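1. sharing a sequence plus its predicted fold:
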Amino acid sequence: MILEGKVAIITGANKMKGLGRAIAIKMAEQGAKIALTGRASSKAGLDEVVEDLRARGADAIGVCVDVSKSDEVEAAIAEVAAKFGRVDILVNNAGIGAGSGILLENSERDWDANYAVNVKGTFTMCAGVIPHMEAAGGGSIVNVASLAGIGASVGMPYPYIATKHALVGATKAMALEFGSKNIRANVVAPGAIATDMLAEAYAAIAEAEGCTVEEAAALENSTIPVGRPAEPSEIADAIVYLASPAAQYVTGITMPVAGGMSAGI
Ligand SMILES: NC(=O)c1ccc[n+]([C@@H]2O[C@H](COP(=O)([O-])OP(=O)(O)OC[C@H]3O[C@@H](n4cnc5c(N)ncnc54)[C@H](O)[C@@H]3O)[C@@H](O)[C@H]2O)c1
């Protein structure tokens with residue numbers, strides 16, 4: 001139980017098939033109390049995930065927050081601190097990938113939408129938890145980027161690539177600023193994960209290539225050395241490691257968890 005007594009906030013944890021739920025399950029198995037979060041518009045899904053965690057014996061609550069809205073972020077973190085008394089771990093899992101892999105097709109709205117969630121939302125959440133981590137004598141932040149945060153690939157939306165790179169850069173800055181306060185900040189960079197986001201990507205590829213979704217999936221899998229996307233739990237394992245005392249001397253890194261795809265970047 002390497003997270004016994006710890007309190008973890010996980011953003012974007014409102015889908016039964018999402019990475020956020022998988023992280024919550026793994027952290028709860030390691031003894032952490034869990035605050036699952038999602039937008040108010042996703043409350044039904046959030047409630048379902050909270051019930052699922054509780055059925056597994058977890059001490060879990062659901063808190064509504066749109067991470068792109070700083071007033072909601074402030075209120076959500078205050079709610080978690082009031083309920084659990086401390087915040088030790090933050091996983092910024094919420095992310096979007098709006099836009100196009102063709103530069104000229106991206107609108108101002110695409111750029112703003114990605115920035116609002118992937119960058120501003122991530123670091124507003126970080127800024128909100130840091131005083132609580134300082135009060136607790138330290139903490140660990142894991143930000144979820146993507147291989148699109150350390151390299152580019154054809155067809156991936158430009159605003160997604162740009163904002164995931166920004167996420168990696170500013171996480172390094174946090175590692176420098178807060179290392180002396182025992183607050184660590186790291187990034188996990190998944191390749192492909194079998195979630196709704198990947199299903200949407202397959203659909204977009206199928207449309208662009210004029211093939212079936214199954215053919216698009218096979219095409220994508222052919223680019224992954226292990227030949228398949230990750231299960232969410234396989235990414236969650238790396239996030240639990242970085243959040244835990246097992247990684248107490250690890251900060252400022254970006255860890256690809258990508259079935260070998262990072263070898264080609
Ligand atoms: N699925 C993949 O292949 C893949 C690959 C690399 C990285 N990632 C990253 O993994 C993370 C999890 O994605 P996923 O695959 O579970 O996809 P997903 O789309 O199922 O989950 C993303 C979550 O973020 C939430 N979200 C979006 N905007 C939000 C906002 N403004 N406030 C709060 N929550 C918001 C969504 O409601 C959803 O629950 C994302 O950061 C994504 O970029 C996914």
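-> Looks like it came in fine.
2. for the nearest residue in space to residue 72 that is not next to it in sequence, give its distance to residue 128.
-> With C-beta to C-beta, 6 or more residues apart in numbering as the criterion, residue 72 has its nearest non-adjacent residue at 4.7 Å, and that residue is residue 65. All C-beta spots, glycine's among them, are computed from the backbone N, C-alpha and C. Distance of residue 65 to residue 128, computed by C-beta to C-beta, to the nearest Å: 10 Å.
3. and for the two, which residues touch both?
-> Common neighbours of residue 65 and residue 128, using C-beta atoms under 8 Å, 6 or more residues apart in numbering, are 73, 76.
4. of the two, which one has the most company?
-> Per other C-beta atoms under 10 Å, whichever of residue 65 and residue 128 has more neighbours is residue 65, with 29 against 23.
5. can you show me the strands along the stretch 51-200 of the chain?
-> With strands called from DSSP state E, counting those that start in this stretch, the stretch 51-200 of the chain shows them at 60-64, 89-92, 139-144, 183-190.
6. and of the ones you listed, who's closest to residue 29?
-> The closest of those to residue 29 is strand 60-64. By C-beta to C-beta, the value is 12.0 Å.
7. what does that closest one rub up against?
-> The set of residues external to strand 60-64 that reach it, using C-beta under 8 Å, 6+ apart, is 9, 24, 28, 33-40, 43, 46-47, 49-50, 53-54, 72, 76, 79-80, 83-84.
8. near the ligand too, which of those?
-> With C-beta under 6 Å from any ligand atom as the criterion, the contacts of strand 60-64 include 38, 39 near the ligand.
9. buried ones among the contacts of strand 60-64?
-> 9, 24, 28, 33-39, 46, 49-50, 53, 72, 76, 79-80, 84 (16 or more other C-beta atoms under 10 Å).
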